[in-house]
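A.B. asks: Just the structure for this:
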Amino acid sequence: MNTRSIDTGVPGASALAGAASAPADPEYQAWAAARQRRLWRRRILPALGIGGLLFLWWAVIAVFDVKPFIAPTPWAVLETLYAKRAVLLDNLLPTAMEAAGGFVLGNLAAIAVATVFVHNKTLQDIFFPVVLMFNAVPLVAKAPVLVLIMGNGMEPKITIAALVCFFPTLVNMVRGLESVNPQAMELMRVLSASKTEIFFRLRLLNALPYLFSALRIAASMCVIGAVVGEWVGATVGIGAMILQATFNFDSPLLYAAIVMSATLSGLFFLLVTLAEKWVIRWQPENTQ
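C.D. replies: Sure, this is the predicted structure:
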């Protein structure tokens, strides 16, 4: 019996088999290896940073014999997070709602005002200094005024979080809408594009990287605004819990509340980063 391989007669079958058995492209292998190294760096280095910070925290307490009511150990904070997780989560929910509401309202208002400023330079020259002066007022000074005007509910906390998000987004959005390539702008005018088409097809796409840079800042600042608003007048929320733990000298609960607020800020930041990767797909991948 003939045991030699039978020719299938399919054109190019031998060539495909040879290509499959041939080694992969060296340039592709180098690119894949570099990409894998970047992925591991993004996972390992943050973990090393957090681990190093926790070790430094524990070392300072152990070496200098810091009293527990001043600074608890990381293990004590972890135990408090687990033992009082229900109370912490109950207080985290209103803070998250206030921060999210302020994030949405503040950024939408900033985008709308930036659009008006770009299309009307007179209004920009008149009101931009006013916005700058209002942003220079300390947050702890604006919060009591808003509480007096709006009451002691969620409205002043959402407003404070919105004000914190408003100015960074406004500045970045105006810059992004104005920094359009002059040649691209001239091409749109040659093609008889309307102001609406120029805005949505050119200005807005150009401003998206600037916008998401501001949104990453606002993602952290909105939580700070909500917490500061709760300091002025609130019975629930992470801010109220921080004040109660401070007055009671309950440092493990104080640090646990701070960890919860930092985790909430990190979660907002992560959501904005994922949204940026989903929306802005034309940016090249960082090869460093």
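A.B. asks: what about Leu148, which helix or strand?
C.D. replies: helix 139-150 (DSSP states H and E).
A.B. asks: The next helix or strand after that helix versus helix 139-150: what angle between them?
C.D. replies: Sequence order places helix 154-178 as the next helix or strand after helix 139-150, per DSSP H and E. With axes from the mean of the first three to the mean of the last three Cα atoms, to 10 degrees defining the directions, helix 154-178 sits at 120 degrees from helix 139-150.
A.B. asks: Use 706 as the first number from now on
C.D. replies: Yep, numbering from 706; the last one is helix 859-883 now.
A.B. asks: Show me which residues of helix 859-883 are buried.
C.D. replies: Neighbour-count burial for helix 859-883, counted by 16 or more other Cβ atoms under 10 Å, picks out 859-879, 881-883. C-betas here are computed from N, CA, C, even on glycine.
A.B. asks: packing partners for that helix?
C.D. replies: Contacts defined by 3 or more Cβ pairs under 8 Å, 6 or more residues apart in numbering; DSSP states H and E place helix 859-883 against helix 790-824, helix 826-841, helix 844-855, helix 909-937.
A.B. asks: to the chain's geometric centre, what's the distance from it?
C.D. replies: In this view, helix 859-883 has its centroid 14 Å away from the chain centroid, taken as Cα atoms, centre = their mean, to the nearest Å.
A.B. asks: Would you tell me what the next helix or strand after that helix is?
C.D. replies: From helix 859-883, the next helix or strand downstream (DSSP H and E) is helix 887-895.
A.B. asks: just for the stretch 856-993 of the chain, where's the confidence low?
C.D. replies: Scanning the stretch 856-993 of the chain with the threshold set as pLDDT under 70 gives 987-993.
A.B. asks: try it again with 50
C.D. replies: Residue ranges of the stretch 856-993 of the chain with pLDDT under 50: 992-993.
A.B. asks: if we can go back for a sec, with mean neighbour count added, can I get the helices and strands packed on helix 859-883 in TSV?
C.D. replies: Formatted as TSV, the helices and strands packed on helix 859-883 follow (neighbours: other Cβ atoms under 10 Å):
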stretch	mean neighbour count
helix 790-824	19
helix 826-841	12
helix 844-855	15
helix 909-937	22
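A.B. asks: of those, which approaches Lys900 most closely?
C.D. replies: Each of the helices and strands packed on helix 859-883 has some distance to Lys900 by Cβ to Cβ; the shortest is helix 790-824, at 7.1 Å.
A.B. asks: Centre of the chain to that closest one, how far?
C.D. replies: Distance, centroid of helix 790-824 to centroid of chain: 12 Å (Cα atoms, centre = their mean).
A.B. asks: Over to stretch 948-959?
C.D. replies: The answer for stretch 948-959 is 28 Å, by Cα atoms, centre = their mean.
A.B. asks: Kindly report the same for stretch 895-904.
C.D. replies: 32 Å.
A.B. asks: again, but for stretch 823-837
C.D. replies: With Cα atoms, centre = their mean as the basis, stretch 823-837 stands 27 Å off its chain's centre.
A.B. asks: And stretch 881-892, by the same measure?
C.D. replies: With Cα atoms, centre = their mean, you get 27 Å for stretch 881-892.
A.B. asks: got it, and stretch 831-849?
C.D. replies: 23 Å.
A.B. asks: With stretch 923-932 instead?
C.D. replies: Relative to its chain's centre, stretch 923-932 lies at 10 Å (Cα atoms, centre = their mean).
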